[in-house]
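In: sequence? don't have it. structure:
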């Protein structure tokens, strides 16, 4: 059986009463129990982040508990939902942050919530909670596909407890939509549902430029399928998925009259570029920076190494490994990114494989330890600002 069709099953049989461990009834019951526990953990996570937001609001003397939620780039997504991208843009050496740096899928979702009578900020929060639940479900069902029903609960909890969740589920960032779409795209890819993978992929690339990486696993999977199964339809999502991002770039080009507007904006405002030596300069320059930035950078690099190791060692499809590796490379060669918790969360397939590499007792210690860091990281990001580094 080729990589394109590879599936992992439960590693050991589970027996309940006298019913065989492999029965569909037992597996269905276990799946329901695991999904229930995952959703309970998600609800607790959102509640803890609300409490953390209240603390951050008191520290910063904000106007409401939603002020920290809308901090940093969250403000831009909410702003785009209100005013869209305008009618024209001016390209100049002094170009700084503008709406053109934020893809439209998430702002459109926020805008949809305002038709229910919600303010833009409250809509962003409500939609974040609802979409967050869908994202968690996508992560869980992908974990069932990759590690089996038995380990799906701890697998998904490892993702939710990862520090990057503090931003994804605690602030108005597009990852609350992006991560879920990425999970569903990979799931449809593994199941050979090419039209569904294409649809999820094209919306995914309308959420973030990072999402274009999804083309890598789609291409790897397509090559494997074509070589082994002559499945030429597998190439459809490779072509369709990036059209969301391409369409957005062309739209900005139309508004601005400059076909290279998006790239100029990214370079001038955020310093985005391809620099293979960037990570080495970043680490050395941080040695004299505030302690928060330095240690966050070191922790990020350590986590990335662990995630890559888990990905390589786990018996997951080659296309999924290619996805994790590509995300790691992108964060290491782009000065606008770096191995920050939010970007490392994009490597969620590696986190889903944690139960395959760690003993349950150790995994529980890791999950609980990381979970304690979530509210602390959220408060640090929303109160200390650049002392800790941007989310």
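Out: Perfect, thanks for sending it. Just so we're clear, the structure is a prediction, and the values are computed from it rather than from any experiment.
In: CA atoms for contacts and neighbours, from now on please.
Out: OK.
In: burial measure for the closest residue to residue 346 other than its chain neighbours, as a count.
Out: Once flanking residues are discounted, residue 346 sits nearest to residue 179: 6.5 Å by CA to CA, 6 or more residues apart in numbering. By other CA atoms under 10 Å, 24 other residues sit near residue 179.
In: Check what pLDDT residue 179 gets.
Out: pLDDT for residue 179: 98.
In: How about the secondary structure of it?
Out: helix (DSSP: H, G, I helix; E, B strand; the rest coil).
In: What separation do you get for it and residue 271?
Out: Applying CA to CA, to the nearest Å, the value for residue 179 to residue 271 is 24 Å.
In: Repeat that for residue 310.
Out: Taking CA to CA as the measure, residue 310 falls 31 Å from residue 271.
In: again, but for residue 239
Out: Taken as CA to CA, the span from residue 239 to residue 271 is 28 Å.
In: ok, now residue 375?
Out: 29 Å.
In: again with residue 123
Out: On the measure of CA to CA, residue 123 and residue 271 end up 31 Å apart.
In: So for the two, which sits in the more crowded spot?
Out: Set residue 123 next to residue 271 and count neighbours by other CA under 10 Å: residue 123 wins out with 21 against 14.
In: Distance of the residue nearest to the more buried one when sequence neighbours are not counted relative to residue 215?
Out: Nearest residue to residue 123, sequence neighbours excluded (CA to CA, 6+ apart): residue 113, at 4.9 Å. Separation of residue 113 from residue 215 (CA to CA): 30 Å.
In: ok, residue 244 touching residue 205?
Out: Yes - using CA atoms under 8 Å, residue 244 is in contact with residue 205, at 5.1 Å.
In: If you count surrounding residues, which of the two has more?
Out: Set residue 244 next to residue 205 and count neighbours by other CA under 10 Å: residue 205 wins out with 29 against 24.
In: Would you list the phi and psi of the more buried one?
Out: phi -80, psi 0 (degrees, to the nearest 10).
In: In contact with it, which residues?
Out: By CA atoms under 8 Å, 6 or more residues apart in numbering, the contact set of residue 205 is 211, 212, 241, 242, 243, 244, 245.
In: so where's the stretch 101-250 of the chain shaky on pLDDT?
Out: Of all residues in the stretch 101-250 of the chain, none has pLDDT under 70.
In: what sits up against stretch 322-336?
Out: 210, 213-214, 216-217, 220, 270-279, 304, 308, 311, 337-339, 343-344, 346-350.
In: quick one: which of these sit in helices?
Out: Among these, DSSP state H puts 216-217, 220, 270, 278-279, 304, 308, 311, 343-344, 348-350 in helices.
In: Turn these into a markdown table, columns for neighbour count.
Out: A markdown table is the format used below for the ones in helices among the contacts of stretch 322-336 (neighbours: other CA atoms under 10 Å):
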| residue | neighbour count |
| --- | --- |
| 216 | 19 |
| 217 | 24 |
| 220 | 21 |
| 270 | 16 |
| 278 | 16 |
| 279 | 19 |
| 304 | 25 |
| 308 | 18 |
| 311 | 28 |
| 343 | 21 |
| 344 | 24 |
| 348 | 25 |
| 349 | 26 |
| 350 | 29 |
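In: could these go into TSV alongside distance to residue 76?
Out: Shown next, in TSV, are the ones in helices among the contacts of stretch 322-336 (distance: CA to CA, whole Å):
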residue	distance to residue 76
216	29
217	30
220	34
270	14
278	26
279	27
304	28
308	32
311	34
343	18
344	22
348	25
349	28
350	30
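In: and stretch 185-194, how far from the chain's centre?
Out: Its chain's average C-alpha position is 18 Å from that of stretch 185-194, according to CA atoms, centre = their mean, to the nearest Å.
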